[in-house]
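In: A predicted structure for the sequence below; I have some questions about it.
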Number of protein chains: 2
Amino acid sequence: MLSHWFSRVGSSVPRGFSRHYVLGLLKEQPMTGKEIMDRAIYDSDGKWRPSPGLIYPMLGRLLEDGLIDEVENGRYRTTTSGEDTAADMKSLHNIVQKQLDVMLRVGNVGKFMAFDLIDRVSAIGSALSSNLDRMTEQEKEKYKEFLLAELAKLDEQENINQKVTLEQK
Amino acid sequence: MLSHWFSRVGSSVPRGFSRHYVLGLLKEQPMTGKEIMDRAIYDSDGKWRPSPGLIYPMLGRLLEDGLIDEVENGRYRTTTSGEDTAADMKSLHNIVQKQLDVMLRVGNVGKFMAFDLIDRVSAIGSALSSNLDRMTEQEKEKYKEFLLAELAKLDEQENINQKVTLEQK
DNA sequence: AACACTAATATCACTAGTGACAGTTATATT
DNA sequence: AATATAACTGTCACTAGTGATATTAGTGTT
């Protein structure tokens, strides 16, 4: 099980993710703090249980920053500028990307995480391909390109290894 | 570029990672705070620049918890119990595992489906393939199999579409 | 030896997470 | 209608991050 320390201070989500998540939810429909928390638990299969100490103060900050509005019954909705922030997929992407990058470079993490990542990619991949029919041609093309590029990299690496082996002979 | 907000509050490492990282370093050799910071920058290719406000207070906490000792010239080394903590790969693994899990579940998966997922796969994939040299043969083989299987699915779908088109004629 | 300069260390104010608990509001029961 | 209870909301103390700034220690110059 997780150590006592980690269960106390560890986080289920990367720093900054929840802001995007909440804005994304409130763009669709007005929600209360409780509804947001429940939705997060539901969406994450119980893996992430955002605490009230995160949600309520954050709603206050978002309100102050003019990214959300209070509508009725303590429900909030994103304002126009909030929608822009929510739509900023690039920065959301960066939250994950940046951390993964560092984790894979630093320490012995990369090595022992690679296997795990493969599983993960496979999982996403299968979710993807079970929805192939919903993808546009352009999207499918992009996915295909990615797959081919990865294969090329693998092959290239294999060739290098063979070359090295030959030269050693 | 990253938004002003994210560059201020975003983090390059998941919560709790640095503790493991520092313990891992100090297990090998005694280091000062500055040396730890420089090493992190070097190891991460400049992607992670831990601030003094993280390192020095943390060294203090680790010292209080008896996980590290001060040796000389302001250098610290992990104690025996510190080494145990550093070796606790399972909890380190969990730091990443848990977050990835949640992110993949929670993102706006339903709606964007394809496009967003492709980006995610590409992101993980590129992180992966830049670490190909760290993967074992077995791992690479598995990755390759996955890639080929996905391509096959794409091709298969194309065929179905053509068939449908033909029948409609 | 005194002083300026530089680099390492420490501290501060901040945001974003955590859980625990306090306060408030709504609802149900009698 | 009054009150008990439950649920939602808000706040607190904490750790872990961020950058900026203050303090300290060491070093070189005159």
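Out: Structure's in. What do you need?
In: where in chain A is the helix or strand with the lowest mean pLDDT?
Out: Within chain A, confidence by mean pLDDT, DSSP states H and E is lowest for helix A:109-129 among all helices and strands, at a mean of 59.
In: distance between the next helix or strand after that one and the chain's centre?
Out: Sequence order places helix A:137-168 as the next helix or strand after helix A:109-129, per DSSP states H and E. Averaging C-alpha positions (C-alpha atoms, centre = their mean, to the nearest Å) puts helix A:137-168 26 Å from its chain's average.
In: got the angle between helix A:137-168 and helix B:137-168?
Out: Per axes from the mean of the first three to the mean of the last three C-alpha atoms, to 10 degrees, the angle that helix A:137-168 makes with helix B:137-168 is 140 degrees.
In: elements contacting helix A:137-168?
Out: For helix A:137-168, the packing partners by 3 or more C-beta pairs under 8 Å, 6 or more residues apart in numbering or on different chains; DSSP states H and E come out as helix B:114-129, helix B:137-168. Every C-beta, even on glycine, is put in place using the N, C-alpha and C of the backbone.
In: does the residue of chain A found nearest DNA strand C sit in a helix, a strand or a coil?
Out: Residue nearest to DNA strand C within chain A: residue A:53 (2.0 Å; C-beta to the nearest atom of the strand). Following DSSP: H, G, I helix; E, B strand; the rest coil, residue A:53 is assigned to helix.
In: need the pLDDT of it.
Out: Listed pLDDT for residue A:53 reads 92.
In: excluding covalently adjacent residues, which one is nearest to the residue nearest the centre of chain A?
Out: The centroid of chain A falls nearest to residue A:96 when counting by C-alpha atoms, centre = their mean (5.7 Å). Spatial nearest neighbour of residue A:96, chain neighbours left out: residue B:103 (5.9 Å); criterion: C-beta to C-beta, 6 or more residues apart in numbering or on different chains.
In: next: residue A:41.
Out: residue A:49 (5.4 Å).
In: element containing the one you found?
Out: Using DSSP H and E, residue A:49 sits in no helix or strand.
In: got a list of what it touches?
Out: A:12, A:37, A:40-41 (C-beta atoms under 8 Å, 6 or more residues apart in numbering or on different chains).
In: list only buried entries from these.
Out: The neighbour-count test (16 or more other C-beta atoms under 10 Å in any protein chain shown) applied to those identifies A:12, A:37, A:40 as buried.
In: and the residues you listed as TSV, adding distance to DNA strand C, pLDDT and secondary structure?
Out: Output for the buried ones among the contacts of residue A:49, formatted as TSV (distance: C-beta to the nearest atom of the strand, whole Å; pLDDT from 0 to 100; DSSP: H, G, I helix; E, B strand; the rest coil):
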residue	distance to DNA strand C	pLDDT	secondary structure
A:12	4	84	coil
A:37	9	94	helix
A:40	9	92	helix
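In: so residue A:52 is in contact with residue A:32, correct?
Out: No: Residue A:52 is not in contact with residue A:32 according to C-beta atoms under 8 Å; the separation is 11.6 Å.
In: neighbour count winner among the two?
Out: The residue with more neighbours, out of residue A:52 and residue A:32, is residue A:32; 14 against 10, by other C-beta atoms under 10 Å in any protein chain shown.
In: pLDDT at that one, what is it?
Out: pLDDT recorded at residue A:32 is 93.
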